[in-house]
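S.K.: Let me see the structure of the following:
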Amino acid sequence: MSDANVSYRPTGTRLDLVLSVAYHDDVTRIGESLSLSQVTDGEPMVIGAMSGVFGENPLGHESCMGRNQFQLIPWQPVGCIAVLALHESVETLVNGDRVMGTQILNTGDTISAGRTLLVLHERPTGLDSAVQESSSLAGVSAAVCMLREQIAELAPLDHSVLIIGESGVGKEVVAKELHSISGRRGKLASLNCRAVPASLGEGYLVGWKKGAFIGAVSDRDSLFQAANDGTLFLDAVGEMDAGIQVILNKIIAQGYYTQLGAENIQPLDVRFVSATNAQLPSSSFSSDLYARIGARVLYIPPLRERPEDIPLLAYHLLRRCARELSMKPPIIGYGLMCSLVSAQWPLNARALRTAIKNLLVAQPNQRRLAVHPVLREALGAAATSNIMTTQEVDMPHRQVPARFVTDPEFSEVAAATNYNKDEIARQLGWDPRTISRRLRKIGRTVSSPSIPQSSGSENE
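M.R.: Residues are numbered from 1 along each chain as shown. Just a heads-up that it's a prediction; the model follows:
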């Protein structure tokens, strides 16, 4: 979107570079952020399992990463950051590739070591971390943080709001949030402008009395009545019929309307919130109406531009989908989270929700969700270049030495293979002697080659 009014970055807002936790064995750590202002100000910073840079709670024991895993160092031009790997037995990866020497970082890059995944992104300076826990607008990106601030600012006002963003980014979620904290006593009523036939457009807006026209066999309340002292959400407003645009523009301008077949004038007491994935204003959309419904414009960037939001959003959607399916929400496995964060998501949060629901259905009663073919189906062939293969993601400890994998974790992986030694070796990358020793330790013996497990029943 090129319109100067379409931005998530208010003028004068200062942004800091931060690292956010995208995956951790302790799910409660996901979404935690670390300001890198120390590095951008010229002082290097060491990140590791036991370093205290993440506050009072280090990232954890050394199964997550090395004690001193990597160093973030200032780089030219001023404000840039590079990463230098410090730990050899546990690889440091940037966007899935091993760090060799010093590598410059860009916002949106992922850094992984062991079973910890971090995302580099921007965040408004001085942001209260508690704000990041919003469930309806889950995320840690600068875009989502500022969007929450703008919603809080605009909600109590009567200004019309136009929300612009691609399909599936959550425009309706923003509209509901604006209404829920607005203080308006009425309801939120919605109109899908794309689905309104031109011949009935006026009737949909103002309603009609029985007998007002042929086919009006009963009264119909207007949308303005349904949203009285509340909010009228005009979805897909950019596709509204030109004739309906003229009618709506006149009603807003005069501040009242009359039902078809009635004589009484009804005052208009509605707050307009509209949404579109089109670039407005355009030649097919009334400039007058645009001025009236777009007093303030909010822009929601696509999910591919803010991968740092995906972990919290994924868990928010996971809980919702599990509730709908009457399931206990599982954990999102490391390999799956890496795939979710690196995917392009052409249909944004809508596609993410579909993928997560399909993953739950395909892997019932699993404690940990793994990558499954339904993930590729949800994204489409054109958007799956960064999705890990089943073989890749079924190796959750492939970069972690055997001493870093606990017995319960090993037992979970071994059980998924029916305790088949060859399959365990493929998944963990360990030598046969180590596997035999660990199997004996948990009281199991090596089985003969087993029937291959379907990807839907394997754990990460």
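S.K.: hang on, residue 412 is in a strand, isn't it?
M.R.: No - under DSSP: H, G, I helix; E, B strand; the rest coil, residue 412 sits outside any strand and is assigned helix.
S.K.: That one: how many residues sit nearby?
M.R.: 16 (other C-beta atoms under 10 Å). No exception for glycine: its C-beta is placed from N, CA and C like everyone else's.
S.K.: how much space between it and residue 333?
M.R.: Between residue 412 and residue 333 the computed distance is 11 Å (C-beta to C-beta, to the nearest Å).
S.K.: Now do the strands in the stretch 51-200 of the chain.
M.R.: Ranges of strands in the stretch 51-200 of the chain, per DSSP state E, counting those that start in this stretch, are 70-75, 80-85, 92-94, 97-98, 102-104, 110-113, 116-124, 161-164, 188-192.
S.K.: Would you mind writing the CA trace of the first one as CSV?
M.R.: Yep, that's strand 70-75 we're talking about. Taking C-alpha atoms only, strand 70-75 is exported to CSV below (Å, rounded to 0.1, in the frame of the first residue of the first chain):
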residue,chain,number,x,y,z
PHE,A,70,26.5,-16.9,19.9
GLN,A,71,27.5,-13.3,20.1
LEU,A,72,25.7,-10.3,18.6
ILE,A,73,28.0,-7.5,17.6
PRO,A,74,27.6,-4.0,16.2
TRP,A,75,28.0,-3.6,12.5
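S.K.: what lines up beside it in the sheet?
M.R.: strand 45-47 (antiparallel), strand 80-85 (antiparallel) (DSSP bridges).
S.K.: Now do the helices in the stretch 101-250 of the chain.
M.R.: 142-154, 171-180, 201-206, 223-226, 242-254 (DSSP state H, counting those that start in this stretch).
S.K.: I'd like the ones you listed laid out as JSON lines, including distance to residue 318 and mean neighbour count.
M.R.: Output for these, formatted as JSON lines (distance: least, C-beta to C-beta, whole Å; neighbours: other C-beta atoms under 10 Å):
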{"stretch": "helix 142-154", "distance to residue 318": "18", "mean neighbour count": "20"}
{"stretch": "helix 171-180", "distance to residue 318": "16", "mean neighbour count": "20"}
{"stretch": "helix 201-206", "distance to residue 318": "37", "mean neighbour count": "20"}
{"stretch": "helix 223-226", "distance to residue 318": "33", "mean neighbour count": "19"}
{"stretch": "helix 242-254", "distance to residue 318": "39", "mean neighbour count": "16"}
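S.K.: Turn the ones you listed into a markdown table, columns for distance to residue 28 and mean pLDDT.
M.R.: As requested, these are exported to a markdown table (distance: least, C-beta to C-beta, whole Å; pLDDT from 0 to 100):
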| stretch | distance to residue 28 | mean pLDDT |
| --- | --- | --- |
| helix 142-154 | 20 | 93 |
| helix 171-180 | 24 | 96 |
| helix 201-206 | 47 | 86 |
| helix 223-226 | 41 | 92 |
| helix 242-254 | 47 | 94 |
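S.K.: As CSV, those helices with distance to residue 17 would be great.
M.R.: Putting the helices of the stretch 101-250 of the chain into CSV (distance: least, C-beta to C-beta, whole Å) gives the following:
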stretch, distance to residue 17
helix 142-154, 10
helix 171-180, 26
helix 201-206, 48
helix 223-226, 46
helix 242-254, 43
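S.K.: The ones you listed: which one's closest to residue 233?
M.R.: helix 171-180 (4.7 Å; C-beta to C-beta).
S.K.: starting at the chain centroid, how far to that closest one?
M.R.: 16 Å (C-alpha atoms, centre = their mean, to the nearest Å).
S.K.: and the gap between residue 298 and residue 50?
M.R.: 42 Å.
S.K.: Ok, residue 444 next?
M.R.: Separation of residue 444 from residue 50 (C-beta to C-beta): 32 Å.
S.K.: picking up where we left off before, got the strands paired with strand 70-75 as a markdown table, with mean neighbour count columns?
M.R.: Conversion of those to a markdown table gives the following (neighbours: other C-beta atoms under 10 Å):
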| stretch | mean neighbour count |
| --- | --- |
| strand 45-47 | 20 |
| strand 80-85 | 19 |
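S.K.: Now render the ones you listed as JSON lines, adding distance to residue 123 and mean pLDDT.
M.R.: JSON lines is the format used below for the strands paired with strand 70-75 (distance: least, C-beta to C-beta, whole Å; pLDDT from 0 to 100):
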{"stretch": "strand 45-47", "distance to residue 123": "16", "mean pLDDT": "91"}
{"stretch": "strand 80-85", "distance to residue 123": "14", "mean pLDDT": "94"}
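S.K.: I'd like the ones you listed as a markdown table, with distance to residue 208 appended.
M.R.: Below are those laid out as a markdown table (distance: least, C-beta to C-beta, whole Å):
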| stretch | distance to residue 208 |
| --- | --- |
| strand 45-47 | 65 |
| strand 80-85 | 62 |
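S.K.: Out of those, which is closest to residue 250?
M.R.: Residue 250 sits nearest to strand 80-85 of all these, at 54.0 Å, using C-beta to C-beta.
S.K.: the more surrounded of residue 298 and residue 50?
M.R.: Using other C-beta under 10 Å as the criterion, residue 298 and residue 50 rank with residue 298 on top: 25 against 15.
S.K.: isn't that one right up against residue 159?
M.R.: No - at 11.1 Å, residue 298 does not count as touching residue 159 under the criterion of C-beta atoms under 8 Å.
S.K.: measure residue 193 to residue 159 for me?
M.R.: 20 Å.
S.K.: Can you pull the domain assignment for this protein?
M.R.: In the domain annotation for the chain, the residue ranges read 16-125, 132-299, 304-393, 407-457 (automatic domain parsing).
S.K.: could you give the mean pLDDT of the shortest one?
M.R.: I take that to be domain 407-457. Averaging pLDDT along domain 407-457 yields 70.
S.K.: low-confidence ranges in this structure?
M.R.: 1-12, 52-53, 55-58, 60-64, 127-136, 380-406, 408-409, 426-427, 429, 445-460 (pLDDT under 70).
S.K.: Just give the nearest non-adjacent residue to residue 230, would you?
M.R.: residue 186 (2.6 Å; C-beta to C-beta, 6 or more residues apart in numbering).
S.K.: Torsion angles phi and psi at that neighbour?
M.R.: Main-chain dihedrals, residue 186, degrees, to the nearest 10: phi -80, psi -180.
S.K.: give the contact list for it.
M.R.: 227, 228, 229, 230, 231, 269 (C-beta atoms under 8 Å, 6 or more residues apart in numbering).
S.K.: before we move on, the earlier item: with neighbour numbers in mind, choose between residue 193 and residue 159.
M.R.: residue 193 (21 against 13).
S.K.: Surely the more buried one touches residue 237?
M.R.: Yes - judged on C-beta under 8 Å, residue 193 makes contact with residue 237 at a distance of 5.1 Å.
S.K.: sorry, back to before: with respect to residue 70, which of the helices of the stretch 101-250 of the chain lies nearest?
M.R.: Among these, the nearest to residue 70 by C-beta to C-beta is helix 142-154 (23.8 Å).
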